[in-house]
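**Student:** Attaching a predicted model along with its sequence, questions to come.
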There are 2 protein chains.
Amino acid sequence: MKTKITLKELAKLLNVSVSTVSKALNDSPEISPKTVERVKELAALHKYRPNPVAVNLKNSKSGTIGVVIPNISNNFFAQVLSGIEAKAQKEGLQVITYISNESLEREKQIVDMLTSGFVDGVLIAISEATHRARNYDHIFSILEYEIPVVLYDRTNFDIPVDKIGIDDEKSFEEATQLLISKGVKKIGLASGIHHLGVGKLRIKGYEKALLEGMERFVAASSRHQVLVDGIKDLLVNKKVEAMLCTDFGSAMLVYRMAYEFNIKIPQDLKMIGFLNKDVAQYLTPSISFIEQFPEELGKQAMEMLIKRMKGQLIPEKNSHKIINTELVHLESTGF
Amino acid sequence: MKTKITLKELAKLLNVSVSTVSKALNDSPEISPKTVERVKELAALHKYRPNPVAVNLKNSKSGTIGVVIPNISNNFFAQVLSGIEAKAQKEGLQVITYISNESLEREKQIVDMLTSGFVDGVLIAISEATHRARNYDHIFSILEYEIPVVLYDRTNFDIPVDKIGIDDEKSFEEATQLLISKGVKKIGLASGIHHLGVGKLRIKGYEKALLEGMERFVAASSRHQVLVDGIKDLLVNKKVEAMLCTDFGSAMLVYRMAYEFNIKIPQDLKMIGFLNKDVAQYLTPSISFIEQFPEELGKQAMEMLIKRMKGQLIPEKNSHKIINTELVHLESTGF
DNA sequence: CTGAAAGCGCTTACAG
DNA sequence: CTGAAAGCGCTTACAG
């Protein structure tokens, strides 16, 4: 019904040239006010809107940015996307979403698309598999194509690009220090992601905060049963008084085993985890968590990318930004 | 560095015309095998890839589809997106993501973008605000522009388009029937989304399944404290033996209050909820939940849209598909 | 088998 | 003030 009208058709209806219509619509001072009015009136009547594909071709850009997400089921990334999308909308940019599912293979395919001219810029969090394989060639290829790119969240590897993330190490260092300051002596840590960059950093922060003479109690494995046994050992045999959990899975395991062995949270065991707010606060008892402000991270990543695309950042110098985390106290750290 | 090479440049390097290069690259039978080889070799050397924006302009399409998501923090929608994206990738389509945040205003803006020619098709789940305001004009406008569109998940309103969703009513009807078959007499329901389409349907299913003489125990409110009081009444005063929860929030409240009033799950109280798998199975005790297969829903929505875009569906007839849900038994329904 | 021309829908320097 | 022409990067019917 309302099949899209083009400049050419408007021009014919108005008995003027296409150029005149285009200029009138773009408020060019070259065109007489009277003509501008006529043109705009008819354009409004027909609800004319320029074909974005044509405009983009003309401008040699695509008007879109590509966002690569390792795992959209992880609420953290979903929220990051939300922040990105909100900012993009304001800037009139379209967000093309690619989900790598933590796969190197998939990530390579995605990068292939990204470098083919579909997008004007890229926001990417590197997949787990890529980190494990230490195969970053495809990431470098984005740079070779001179496509502006910002790495978000998973930033701990050496590549000369703009980055934005949180300080994983510091967050757990501070959490550990807080427990120590409250007089907790035996602090344990559980992790199902110790092999990943973020996992390593969180564990490092914990270890850094431990005082001389304090024992290190770590249960870490990506294999379920090994992790279960490790946690059980810490809770039952080592009788730790607090547990830090680097990820959702390990937090839920600690939670569950505390229940099974009748260890009361927070009376017998304090807990702090990297969980998303929604889950953390709704649990019974609620679990104190590290707030990472993912939407803010997404927003700022987008801002950084926009600046880079507009050439507002110094070419040879890369930005590196840190979003501060915040320890939110809920029931599991009641003292 | 690796600045993109164009057909024109390839042509110049090869001393042939642009048309010849284009045809050779597209394996046109018009071109001699020798030329094809020469062209392809040089193209490969320079890693030539056609500018997608130009190709799209030529083909009068955009190569993208728009996906409108009401709330990406809801894991259900995140998973739907995952299914959509996977399928789109296979079809060589780009997914532009728009997040309405359950806002009518935002949804209108988004639809405005969608009808301006950015996308070849649309997948949309209508926002809560839109449903409340019963203001569907903008949705109809997508139809006026003759853009293929598939409604997913929130499909219970009258509009002549393709739809795909789950049978909310049936899912809770069956869940209720199951409890009845196990001899549970006093079955309660908690809802924080009774005012929404899906909430209404779930409640309706519950009511439909109740046998003659069975009392209806419903605690429903979008106001936190009212809902808390309602649930408390059901658990403590009415002493229901089971609770159905239409949403994550109400499930967590029931969970919490059972804990506070020392009501044991599943011994004293059975529970079934609309939760996502991840949370449901990790809770202690784990909560039996209705599996909605969101990725499958996303995938099939995309398939339906592709068929519509390709004209493989009958123009005057709309598809309406239902994804079957499945009650997954975990600890909270242990009998 | 190859190439010139037209065209997708727009914008913009240039003539008049 | 208006319009013809060139061009963004491609494809394809048409001539040769």
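**Tutor:** Looks like it came in fine.
**Student:** Tell me the secondary structure at the residue positioned nearest the centre of chain A.
**Tutor:** The residue lying closest to the centre of chain A (CA atoms, centre = their mean) is A:V80, at 4.2 Å. At A:V80, secondary structure determined by DSSP: H, G, I helix; E, B strand; the rest coil is helix.
**Student:** Show the model's pLDDT score for it.
**Tutor:** Looking at A:V80, its pLDDT stands at 97.
**Student:** contacting residues for it?
**Tutor:** Residues counted as contacts of A:V80 (CB atoms under 8 Å, 6 or more residues apart in numbering or on different chains) are A:69, A:125, A:152-153, A:294-295, A:297-298, A:301. C-betas here are computed from N, CA, C, even on glycine.
**Student:** where along the stretch 151-300 of chain A do the strands fall?
**Tutor:** Counting by DSSP state E, counting those that start in this stretch, the stretch 151-300 of chain A has strands at residues A:162-166, A:187-191, A:217-220, A:242-245, A:270-273, A:288-291.
**Student:** In a markdown table: those, plus mean neighbour count and mean pLDDT.
**Tutor:** Compiled in a markdown table, the strands of the stretch 151-300 of chain A are given as follows (neighbours: other CB atoms under 10 Å in any protein chain shown; pLDDT from 0 to 100):
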| stretch | mean neighbour count | mean pLDDT |
| --- | --- | --- |
| strand A:162-166 | 23 | 95 |
| strand A:187-191 | 27 | 97 |
| strand A:217-220 | 21 | 96 |
| strand A:242-245 | 29 | 97 |
| strand A:270-273 | 26 | 96 |
| strand A:288-291 | 23 | 96 |
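**Student:** got a list of what the residue in the stretch 151-300 of chain A that DNA strand D sits nearest to touches?
**Tutor:** With CB to the nearest atom of the strand as the measure, A:V161 is the residue of the stretch 151-300 of chain A nearest to DNA strand D, at 24.6 Å. Shown in contact with A:V161 (CB under 8 Å, 6+ apart): A:143, A:149-151, A:318.
**Student:** how about those in a markdown table, adding neighbour count?
**Tutor:** Shown next, in a markdown table, are those (neighbours: other CB atoms under 10 Å in any protein chain shown):
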| residue | neighbour count |
| --- | --- |
| A:L143 | 16 |
| A:V149 | 25 |
| A:V150 | 27 |
| A:L151 | 25 |
| A:N318 | 16 |
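**Student:** Go through these and name the one nearest DNA strand C.
**Tutor:** Using CB to the nearest atom of the strand, those come closest to DNA strand C at A:V149, 26.4 Å.
**Student:** wait, that closest one sits on A:V122?
**Tutor:** Yes - the pair A:V149 and A:V122 passes the contact test of CB atoms under 8 Å, sitting 4.3 Å apart.
**Student:** shared neighbours, the two?
**Tutor:** When CB under 8 Å, 6+ apart defines a contact, the residues bordering A:V149 and A:V122 alike are A:142, A:305.
**Student:** Excluding sequence neighbours, find me the nearest residue to A:L151.
**Tutor:** Computed as CB to CB, 6 or more residues apart in numbering or on different chains, the closest residue to A:L151 that is not its neighbour in sequence is A:K163, at 4.5 Å.
**Student:** Please tell me how far the one you found sits from A:T130.
**Tutor:** Applying CB to CB, to the nearest Å, the value for A:K163 to A:T130 is 15 Å.
**Student:** all helices of chain A, in order?
**Tutor:** A:7-14, A:18-25, A:33-45, A:52-59, A:75-91, A:104-113, A:128-133, A:137-144, A:168-181, A:197-209, A:224-232, A:248-260, A:277-282, A:294-309 (DSSP state H).
**Student:** and B:V53, which of the ones you listed is closest to it?
**Tutor:** helix A:52-59 (4.9 Å; CB to CB).
**Student:** Return the set of buried residues in the closest one.
**Tutor:** Residues of helix A:52-59 classed as buried by neighbour count (16 or more other CB atoms under 10 Å in any protein chain shown): A:52-54, A:56-57.
**Student:** And those, which is closest to DNA strand D?
**Tutor:** A:L57 (4.4 Å).
**Student:** The closest one and A:G63, how far apart?
**Tutor:** Distance, A:L57 to A:G63, by CB to CB: 10 Å.
**Student:** mind listing what the closest residue to the residue nearest to the centre of chain A other than its chain neighbours touches?
**Tutor:** The shortest distance from A:V80 to any non-neighbouring residue, by CB to CB, 6+ apart, is to A:G298 (4.0 Å). By CB under 8 Å, 6+ apart, the residues touching A:G298 are A:79-87, A:152.
**Student:** Return the member of those residues nearest to B:L178.
**Tutor:** Taking CB to CB as the measure, B:L178 lies nearest A:Q79 of these, at 35.2 Å.
**Student:** I figured A:I322 was touching A:I166, is that so?
**Tutor:** Yes - here A:I322 lies in contact with A:I166, judged by CB under 8 Å, at a distance of 6.6 Å.
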